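>>> what's the 3D shape of this:
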Amino acid sequence: MKENTLTLKNMVSKSCLKLIELYFKNIEGVIIQQVFLGKVILLQDENKINNQQLKEHFNEIGFEVVEDEDVILTERIKVAAIELIVFASNNNSIIRNSDYISDRVQEPYDKISKVFSRVTGTTLEKYIILLKIEKAKELVLEDKLTLSEISYQLDYSSVQYLSRQFKQITGYTFSEFKDLEHPPRILLEHLI
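Numbers count the residues shown, from 1 in each chain. So this is what the prediction gives:
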């Protein structure tokens, strides 16, 4: 069996990790070793499953195996940004977004910024803002934190700044958003 490390596109939530582990339990010739956001390490018996079949299995559950170096770097950048914004619970106030992402992907920020923009068609800064707004939607709907606490957790300088950006991107104030029967959410893999 050969060890194989794959970068996967659209693998942006913790439930994705479990999905892969469960799905591949029933696939002969594949043993999942480790699963991370955006990456899987597996053992592959090439006599039972070839690379194309492996890609087809990942596609079947919504993930694309990425081989282009710039796209791989972009997926790593997305994962780092998601870790920071969605899962960090205010680690952003301790370290600047650019420093964290650069350190996480082990590349200079100017390089990752250029590659990210070229591959996605949007800036990394815009992507981070979109992640923050999606996180703000989640926190507002949970109704456990004040707007001031949400603003602090997402590293905004003020509630007014967060509110203005929220309205600009969603078209709603926080109270209008909470009052919607079906508040619109965007899946992280569909942000860009």
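>>> how about the strands in this protein?
Taking DSSP state E as the criterion, the chain carries its strands at 2-9, 30-36, 39-44, 64-66.
>>> state the number of residues packed around Leu53.
Rather than Leu, residue 53 is Gln. By the criterion of other C-beta atoms under 10 Å, Gln53 has 14 neighbours. C-beta: built from backbone N, CA, C; applies to glycine.
>>> sorry, back to before: how about the strands of the chain, which one is nearest Tyr152?
Relative to Tyr152, the nearest member of the strands of the chain by C-beta to C-beta is strand 30-36, separated by 28.5 Å.
>>> list the buried residues of the closest one.
Within strand 30-36, the residues that count as buried by 16 or more other C-beta atoms under 10 Å are 30, 32, 35.
>>> do stretch 155-164 as well
155-156, 159, 162-163.
>>> can I get those residues in JSON lines with pLDDT and distance to Thr123?
As requested, those are exported to JSON lines (pLDDT from 0 to 100; distance: C-beta to C-beta, whole Å):
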{"residue": "Asp155", "pLDDT": "88", "distance to Thr123": "18"}
{"residue": "Tyr156", "pLDDT": "92", "distance to Thr123": "18"}
{"residue": "Val159", "pLDDT": "96", "distance to Thr123": "25"}
{"residue": "Leu162", "pLDDT": "96", "distance to Thr123": "19"}
{"residue": "Ser163", "pLDDT": "97", "distance to Thr123": "22"}
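>>> and the chain, what are its domains?
2-67, 70-190 (automatic domain parsing).
>>> just how off-centre is the last one within its chain?
Right, the one you point to is domain 70-190. In this view, domain 70-190 has its centroid 10 Å away from the chain centroid, taken as C-alpha atoms, centre = their mean, to the nearest Å.
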